[in-house]
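> Below is the structure, and that's it, no one-letter string:
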């Protein structure tokens, strides 16, 4: 795709969770490669700093953001104070960086930048990657010109006769680093054996305690089947999970708190056990990885279950509710896929069909459309 002749100054608000951050980074990388000036606005959470550290070529700005509490919660006052400060700081940043377009990737970290962008007469867009938009993006939509959806099922939630929005279904971007040809030996990188089937466990950027503990109770049976494990625990559970694996020191496995080389993780995976956040699903689809999806049970509006149902319906994944997840059900599910090549191959093909391979490019085109 040809580069644009003019330079945009774009602010991408994408902090708070990996589901917002990683797609935002993907769009930022695409716009930057086209010669545009990009600032990514992230939160002060540790996960944001970890992810940002792997992208030294991009400019990141941190701001303290709070999640919106319930209306009558005593936390509402500090939330509103923080929102006002964020709005003021964002206006200053927009003026300083000469921002002309603000893209919010979801969550309340996008609200202040979008409102500030609106006040500063910037073009404003939001992206919603889940099948059901959260309350933050329902509010954010009031302050944007264009709504971008990752899934077809999401678009009707933004259709409103009182608000004539430009609504586009564009998929959810995958980080550029994950889309490049792989020349490195992925098994060697993780110290795993190339002749064994590999179970990848990833709970998203924050990890997943329910999944981690169910896996811990299943390790004896999983290793007995000749399956090796690559377990990305999340920072909070790393010590506990590592201690569990220590009882199986002779079995092939690798345990890490966070992984900057997810393209290699997906490369070795014969099956992934994962949450069903939209960013994770877009990566599973990109690599055509069969998956067991365990939705986070406390996600707003149970959107992770809806995400997982869409993948399960196509045959790309199997859905397992966390309250049904235990050593027996997990082992049975793993065996039914890993030891059945026909099932595994069919799931791979179905997952690959779910991938939107030009999502970041589509969003970059829409961000820069006034230049055409």
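On my side now, so go ahead. Worth saying up front: this structure is predicted, and the values here are computed from it rather than measured.
> Touching, residue 307 and residue 128? I think so.
No - using Cβ atoms under 8 Å as the test, residue 307 is too far from residue 128 to be in contact (11.6 Å). From N, CA and C alone the C-beta is placed, and that goes for glycine too.
> all helices for the stretch 51-200 of the chain, in order.
Counting by DSSP state H, counting those that start in this stretch, the stretch 51-200 of the chain has helices at residues 76-97, 111-119, 135-140, 176-179, 186-189.
> hmm, who's touching the least confident helix or strand in the chain by mean pLDDT?
When the helices and strands of the chain are scored by mean pLDDT, DSSP states H and E, helix 46-52 comes last with a mean of 76. The contact list for helix 46-52, computed with Cβ atoms under 8 Å, 6 or more residues apart in numbering, reads 15-18, 21-22, 25, 40, 42, 58, 60, 62, 205-206, 235, 258.
> tell me the contacts of residue 40?
By Cβ under 8 Å, 6+ apart, the contact set of residue 40 is 12, 14, 24, 25, 28, 52, 58, 59, 60, 61.
> When you filter the residues you listed down to buried only, what's left?
Among those, those classed as buried by 16 or more other Cβ atoms under 10 Å are 12, 14, 24, 25, 28, 52, 58, 60, 61.
> so the first one is in which element?
Taking DSSP states H and E as the criterion, residue 12 maps to strand 9-13.
> Just name whatever secondary elements that strand is in contact with.
helix 18-33, strand 37-42, helix 76-97, strand 101-104, helix 111-119 (3 or more Cβ pairs under 8 Å, 6 or more residues apart in numbering; DSSP states H and E).
> what about it, average pLDDT?
Averaged over strand 9-13, pLDDT sits at 96.
> Show me which residues of it are buried.
10, 11, 12, 13.
> Same question for stretch 96-114.
For stretch 96-114, burial by neighbour count (16+ other Cβ under 10 Å) applies to 97, 99-114.
> now stretch 44-54
For stretch 44-54, burial by neighbour count (16+ other Cβ under 10 Å) applies to 45, 47, 48, 50, 51, 52.
> Let's see the pLDDT reported for the residue of the chain positioned farthest from its centre.
In the chain, residue 250 marks the outermost C-alpha relative to the chain mean, sitting 33.3 Å out by Cα atoms, centre = their mean. As predicted, residue 250 sits at a pLDDT of 94.
> Low-confidence ranges, the stretch 151-300 of the chain, go.
Applying pLDDT under 70 to the stretch 151-300 of the chain flags the ranges 161-163, 204-207.
> contacting residues around residue 23?
Applying Cβ under 8 Å, 6+ apart, we find residue 23 in contact with 14, 105, 127, 129, 172, 173, 174, 279, 282, 359, 360.
> What values do phi and psi take at the first one?
Okay, so that is residue 14. Note on residue 14: its backbone torsions stand at phi -140, psi 20 [degrees, to the nearest 10].
> which residues touch it?
20-21, 23-25, 28, 40-42, 104-105, 109-110.
> okay, the residues you listed in TSV with distance to residue 343 and pLDDT next?
Output for those, formatted as TSV (distance: Cβ to Cβ, whole Å; pLDDT from 0 to 100):
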residue	distance to residue 343	pLDDT
20	33	83
21	33	86
23	30	92
24	35	93
25	34	92
28	38	95
40	40	95
41	43	93
42	40	89
104	39	95
105	35	93
109	40	84
110	40	89
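> Go through those and say which is closest to residue 76.
Residue 76 has its nearest neighbour among the contacts of residue 14 in residue 109, at 17.4 Å by Cβ to Cβ.
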